[in-house]
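Peer 1: Pasting the sequence and the predicted coordinates here, then a few questions.
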Amino acid sequence: MRNITIIIVIALGTFLVNLDASIVNIALPTLCSDLGATTQAVAWVVLIYLCALGSLLLFSGSLGDALGSKRVFITGFLVFTLGSVVCAFAHQILTMYLGRLVQGIGAACIMANFGAVLLQNLPPGVRGRAFGLNTVLGGIGYAMGAPLGGWLIHSFGWRWIFLINIPVGVAAVIAAALFLKKDSVGKPAPYDIPGLFLSILSVTLFLLILNQGSWDTLFSAPSVIAVILFLASTLALVRQELKVKHPLLEIPLFLKKSILACIAANVGFVIVLSGLNFLFPFYFMEVLQMGVGRTGFFLMFFPVVSIAVSPFAGYLADRFGPNPVAIKASALSVIATGSFYFFSPEISNAMIITLFIGFGIGLAMFFTANITLFMGHAPVDKAGMFTAVASSGTTIGSALGVSVYENFLETARGTELLSRALQIESGFQNAVLLSTVVALAAFGASMMAKAGQPPLHREG
């Protein structure tokens, strides 16, 4: 019972963080009118959360290793819940910005420490299944954002997309305080303040550059300056982390071939997943001429399959080791990705469902096995840092996927001789070809990943 409670508490964290990354999108038009803000101003409601989350992951992971992952994990829930309260009762756009910033800080504490909490509180024989459930609920949280947000706004008003976080956050804090083992940490090391500043600047600039909306904007003066600042801050961050005694990111620790392979494979398949998920609604509604309800029906197959498969993938990773599971799953994912090239206006419903089931099985098994494999390399006192790196890779991959694949629609729309449907179909097919290449590269990386020694189990 204790193990189940711990797994649920950890999974609730990733669920809430991912839910709030997407649930706000559907409320943006309503926020424009209710808060008296422009469309450009309201867009920052999304960006501030993502920037705070992405830029503070490394610091939050380092904080967990220094002060105790349980302490920082619970603090993350408290801060996230506080941010939700501020957002729910906001009457001005600046107050909403503040609430989303606080939410992002709490989300970073949660996402940077869930893996460390899992390793420290669960025996090796169930960790694969725990990572599997965590992966599933994170994906479900992101997928449920639009439908759940739409229902809440329609039934109760937009403030309820934030109010629902409060009881969940309070319950998670109580359960974590009662069931998680007491942290066992030594004397906290000095904080790498220059590294913190540089990591925040670098990641924030990276996310803002990717959110420009089109590659054409990269050649504008503000974008060029942002790119130069990003490169300079990233180089300065690497230099800082290599010379400081207690870095946010111990770069040499992550230069092992197997660890780099796990990171590369994860980022590759996240790019494929986020990019294709961005394009699927356009393809179904514009090319296949489906309505919103029917489109949602087909797109639900991926999260539903993930729910069913991930726990089983976790069991296989626990039983046979994560490495062979990750390799076989990545091979299936390559095949499933390439099969989307055969989408056409004449495709049958049965074929759509079949392809989505194959895609869901492959990626659900891969993500579960890969995170288990990656965390298997984590020293017990660096588990927070490893979790932060894994979460950073997912954040970067998601941002890259949407940013790159958005341009397939833009490029296709520039073809004046084709109808809108044919333009989108052409762009989608090109995107599938790129996805297949990226998936093949991720499969190659997965082939190079090897299992590490199980980390020591820290007792409370």
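Peer 2: Received, thanks. What you are looking at is a predicted structure, and each value in this text was computed from that prediction instead of being measured.

Peer 1: any idea how far I161 is from W151?
Peer 2: Relative to W151, I161 is positioned 10 Å away (Cβ to Cβ, to the nearest Å). Where C-beta positions appear, they are placed from N, C-alpha and C, glycine not excepted.

Peer 1: okay, the two: which has more neighbours?
Peer 2: Neighbour count, other Cβ atoms under 10 Å: between I161 and W151, I161 has more, with 26 against 14.

Peer 1: which residues touch the more buried one?
Peer 2: 23-24, 27, 148-149, 152-153 (Cβ atoms under 8 Å, 6 or more residues apart in numbering).

Peer 1: ranges for the helices of the stretch 201-350 of the chain?
Peer 2: Assigned by DSSP state H, counting those that start in this stretch, the stretch 201-350 of the chain shows helices spanning 221-243, 257-282, 292-299, 301-320, 322-339, 349-375.

Peer 1: Equivalent analysis for the stretch 51-200 of the chain, please.
Peer 2: Counting by DSSP H, counting those that start in this stretch, the segments of the stretch 51-200 of the chain that form helices are 57-67, 69-88, 93-111, 114-121, 124-155, 160-163, 165-179, 193-210.

Peer 1: The fourth one versus helix 57-67: what angle between them?
Peer 2: Using axes from the mean of the first three to the mean of the last three Cα atoms, to 10 degrees, the interaxial angle of helix 114-121 with respect to helix 57-67 works out to 30 degrees.

Peer 1: now do the second one
Peer 2: Counting by the same axes, to 10 degrees, helix 69-88 lies at 130 degrees to helix 57-67.

Peer 1: other SSEs contacting helix 69-88?
Peer 2: Contact partners of helix 69-88 among helices and strands, from 3 or more Cβ pairs under 8 Å, 6 or more residues apart in numbering; DSSP states H and E: helix 2-22, helix 57-67, helix 93-111, helix 114-121, helix 160-163, helix 165-179, helix 383-413.

Peer 1: Kindly reformat those helices as TSV containing distance to V238.
Peer 2: What follows is the helices and strands packed on helix 69-88, written out as TSV (distance: least, Cβ to Cβ, whole Å):
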stretch	distance to V238
helix 2-22	27
helix 57-67	12
helix 93-111	21
helix 114-121	24
helix 160-163	37
helix 165-179	35
helix 383-413	14
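
Peer 1: Quickly, which of the ones you listed bottoms out on average pLDDT?
Peer 2: Per-stretch mean pLDDT for these is lowest at helix 383-413 (a mean of 76).

Peer 1: what's downstream of it, the next helix or strand?
Peer 2: helix 420-448 (DSSP states H and E).

Peer 1: Identify each buried residue in that following helix, please.
Peer 2: Neighbour counts over helix 420-448 (16 or more other Cβ atoms under 10 Å) mark 421, 423-429, 431-432, 434-436, 438-443, 445-446 as buried.

Peer 1: between that helix and helix 383-413, how big is the angle?
Peer 2: Taking the same axes, to 10 degrees, helix 420-448 and helix 383-413 form an angle of 150 degrees between their directions.

Peer 1: before we move on, back to that, would you single out the least confident of the helices of the stretch 201-350 of the chain?
Peer 2: The weakest mean pLDDT among the helices of the stretch 201-350 of the chain belongs to helix 292-299, with a mean of 75.

Peer 1: now for it, which elements pack on it?
Peer 2: Applying 3+ Cβ pairs under 8 Å, 6+ apart, we find helix 292-299 packed against helix 257-282, helix 349-375.

Peer 1: can these go into TSV with extra columns for distance to V389?
Peer 2: As requested, those are arranged in TSV below (distance: least, Cβ to Cβ, whole Å):
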stretch	distance to V389
helix 257-282	7
helix 349-375	8
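
Peer 1: Could you provide those in CSV, with additional columns for distance to V42 and mean neighbour count?
Peer 2: Shown next, in CSV, are those (distance: least, Cβ to Cβ, whole Å; neighbours: other Cβ atoms under 10 Å):
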stretch, distance to V42, mean neighbour count
helix 257-282, 20, 22
helix 349-375, 32, 23
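
Peer 1: separation between the closest residue to N430 other than its chain neighbours and T394?
Peer 2: Take N430 and drop its neighbours on the chain: the residue closest to it by Cβ to Cβ, 6 or more residues apart in numbering is F408, 5.7 Å away. With distances taken as Cβ to Cβ, F408 is found 22 Å from T394.
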